[in-house]
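Asker: Okay, predicted coordinates and the sequence, questions at the end:
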Amino acid sequence: MPQKMNKKDLENFRKLLLQQLRELKDKLGGAVDELSEEPEMMADLSDRATAETELHFDLRVKDREQKLIDKITEALARIEEGGFGVCERCGDLIELERLKARPIATLCIDCKTEQERDEKSRGE
């Protein structure tokens, strides 16, 4: 059974999450400026198709980064509220090693494995 996290561990996770949040916001801010620039007019259809594919890919990456920002913000809120490191499904403590690998984790490894198994059986 995992041990309850001490204040030093919580503070270390808070600092790590805040650093990740700053880096993502800086990266996302620069990307928004890039995406808002006037598109270059291209006569060649293959060049235009490539540019549109790259834009679509960039937008998907930015969407994923925004979702990660939301998850980091939620993890920071859990630290403040005292729920960080507690599995939202079973209520057990999430292993410290799992949190070190993925500080935004909301499920213990057993519940995450069960969730993935359920998703796979439903074809998700």
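Answerer: Great, that's in hand.
Asker: Show me how far the helix or strand harbouring Leu10 is from its chain's centre.
Answerer: For Leu10, the host element (DSSP states H and E) is helix 7-35. When distances are taken as CA atoms, centre = their mean, to the nearest Å, helix 7-35 is centred 10 Å away from the chain's centroid.
Asker: Assign a three-state SS to the residue sitting furthest away from the middle of the chain, would you?
Answerer: Distance to the chain centre peaks in the chain at Ala43, reaching 38.4 Å (criterion: CA atoms, centre = their mean). For Ala43, the assignment made with DSSP: H, G, I helix; E, B strand; the rest coil gives coil.
Asker: How much space separates it from Thr53?
Answerer: From Ala43 across to Thr53, the span is 17 Å (CB to CB, to the nearest Å). For glycine as for every other residue, the C-beta is placed from the backbone atoms N, C-alpha and C.
Asker: For this structure, which segments are assigned as helices?
Answerer: 7-35, 45-81, 96-101, 109-121 (DSSP state H).
Asker: Of these, which is nearest Glu88?
Answerer: helix 109-121 (8.2 Å; CB to CB).
Asker: Counting neighbours, which bits of that closest one end up buried?
Answerer: Neighbour-count burial for helix 109-121, counted by 16 or more other CB atoms under 10 Å, picks out Cys111, Lys112.
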